[in-house]
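> Output the structure for:
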Amino acid sequence: MMIRHLSYFVALARERHFARAAAVCNVTQPTLTVAIQKLEADLEARLVVRSHRYVGLTHEGEHVLAWAQQILADYDSLRVDLGGLKKGLEGTLRLGVIPAAMASVAFVTEPFCSAHPAAKVSVQSMNSRDIQRGLNAFEIDAGLTYLDNEPLEHARTVPLYLERYIFVTRRGGRHEGRSTITWKEAAGERLCLLSEDMQNRRIINKIVESTGVPIDPTITGNSFLNILSHLRQGGWSSIVPHIFSFIIGDTPDLLKLDLVEPVHSQAIGLVLSDRDPLSPMTSALVAAVTGVDFERELARAMGRET
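Reported below is the predicted structural model:
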């Protein structure tokens with residue numbers, strides 16, 4: 001009963017509305033209200049600010065919310081773990097992935113799915129700050145993000161590969177026949193880049209600033225689909241992670257140049273909640289990627305294997 005009441009309480013804190021929380025929990029609003037009142041009585045603490053509508057949690061309620069999220073996550077993990085002992089790992093692995101790593105996420109999910117065919121995977125596009133919140137609230141099992149730039153707090157890491165950068169533009173222009181371009185040259189082009197709330201863009205800004213020139217893209221957005229659309233249309237160029245060569249492929253109308261002066265790289269990997277034991281899903285993911293040479297796999301996929 002306590003588990004159920006905690007789940008109602010977490011739903012209310014998430015939905016911030018009694019009727020919506022009741023609908024999510026598949027109960028009537030009076031049932032949800034009585035359950036939370038019973039939880040308050042059991043804990044001898046007022047958890048919700050009293051009003052005719054949802055206003056927020058009390059100071060005690062905020063503390064209980066953090067515990068409730070952890071207790072519910074542990075309870076779910078216990079059930080998954082016991083079920084896995086009987087018939088193999090089932091359930092859903094929840095991954096938060098920064099847009100810059102979306103092109104490589106299949107290289108992470110493939111070994112996991114091969115090892116656990118009965119399990120499913122849910123991939124959500126998130127910025128690094130949302131991944132931090134998701135891990136803290138036990139809403140995701142792991143994140144795929146930058147490791148050494150704006151590192152997450154209270155998280156353990158599993159390095160996977162180094163992200164490098166390429167300049168992509170239409171063929172037939174003044175860069176035809178080249179294999180490299182400097183960051184200073186690239187910054188002066190008509191660019192389409194991610195917006196500054198994305199970590200990838202903040203990394204690019206720092207690199208360009210180190211060359212002593214400004215960067216002022218014509219088009220910005222929070223999706224690489226936006227960038228790819230403008231590249232294919234032909235009026236813009238972009239700076240993207242080298243793994244996007246895997247997505248772009250041998251597109252005949254696009255020219256890809258390695259960025260130099262400086263040659264820069266950033267570590268990409270998994271971030272996990274810094275707690276023991278790890279959830280069965282998280283443990284299974286770590287086991288699945290351990291020993292995989294991601295640099296080699298990515299190079300092979302991009303046709304760059306030596």
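> which residue ranges form the strands in the chain?
91-97, 119-125, 142-146, 155-163, 165-170, 180-182, 192-194, 219-221, 238-241, 254-260, 266-273 (DSSP state E).
> Take those strands and write them to a markdown table, including mean neighbour count, mean pLDDT and distance to residue 23.
Where C-beta positions appear, they are placed from N, C-alpha and C, glycine not excepted. Putting the strands of the chain into a markdown table (neighbours: other Cβ atoms under 10 Å; pLDDT from 0 to 100; distance: least, Cβ to Cβ, whole Å) gives the following:
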| stretch | mean neighbour count | mean pLDDT | distance to residue 23 |
| --- | --- | --- | --- |
| strand 91-97 | 21 | 94 | 21 |
| strand 119-125 | 15 | 95 | 21 |
| strand 142-146 | 27 | 96 | 29 |
| strand 155-163 | 18 | 95 | 33 |
| strand 165-170 | 22 | 95 | 46 |
| strand 180-182 | 17 | 97 | 54 |
| strand 192-194 | 25 | 95 | 36 |
| strand 219-221 | 16 | 94 | 33 |
| strand 238-241 | 26 | 96 | 40 |
| strand 254-260 | 18 | 95 | 47 |
| strand 266-273 | 21 | 95 | 29 |
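> In CSV: those strands, plus distance to residue 41.
Below are those laid out as CSV (distance: least, Cβ to Cβ, whole Å):
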stretch, distance to residue 41
strand 91-97, 33
strand 119-125, 36
strand 142-146, 37
strand 155-163, 36
strand 165-170, 58
strand 180-182, 67
strand 192-194, 50
strand 219-221, 50
strand 238-241, 53
strand 254-260, 62
strand 266-273, 31
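> By mean pLDDT, flag the weakest helix or strand of the protein.
Lowest on mean pLDDT, DSSP states H and E among the helices and strands of the chain sits helix 59-87, with a mean of 79.
> Give me the angle between that one and strand 266-273.
Interaxial angle of helix 59-87 relative to strand 266-273 (axes from the mean of the first three to the mean of the last three Cα atoms, to 10 degrees): 100 degrees.
> ok, and for helix 59-87, which residues are buried?
61, 64, 65, 68, 69, 71, 72, 73, 76, 77, 80, 84 (16 or more other Cβ atoms under 10 Å).
> who are the neighbours in contact with the most centrally placed residue in the chain?
The residue lying closest to the centre of the chain (Cα atoms, centre = their mean) is residue 97, at 2.4 Å. Listed by Cβ atoms under 8 Å, 6 or more residues apart in numbering, the contact set of residue 97 reads 105, 123, 124, 125, 126, 143, 144, 145.
> if we go to 6 Å?
For residue 97, the contact set (Cβ atoms under 6 Å, 6 or more residues apart in numbering) comprises 105, 123, 144.
> next one: residue 75
When contacts are counted by Cβ under 6 Å, 6+ apart, residue 75 touches residue 3.
> That one and residue 4, how far apart?
Distance, residue 75 to residue 4, by Cβ to Cβ, to the nearest Å: 11 Å.
> which non-adjacent residue is nearest residue 297?
In space, and not counting its chain neighbours, residue 297 is closest to residue 107: 5.6 Å by Cβ to Cβ, 6 or more residues apart in numbering.
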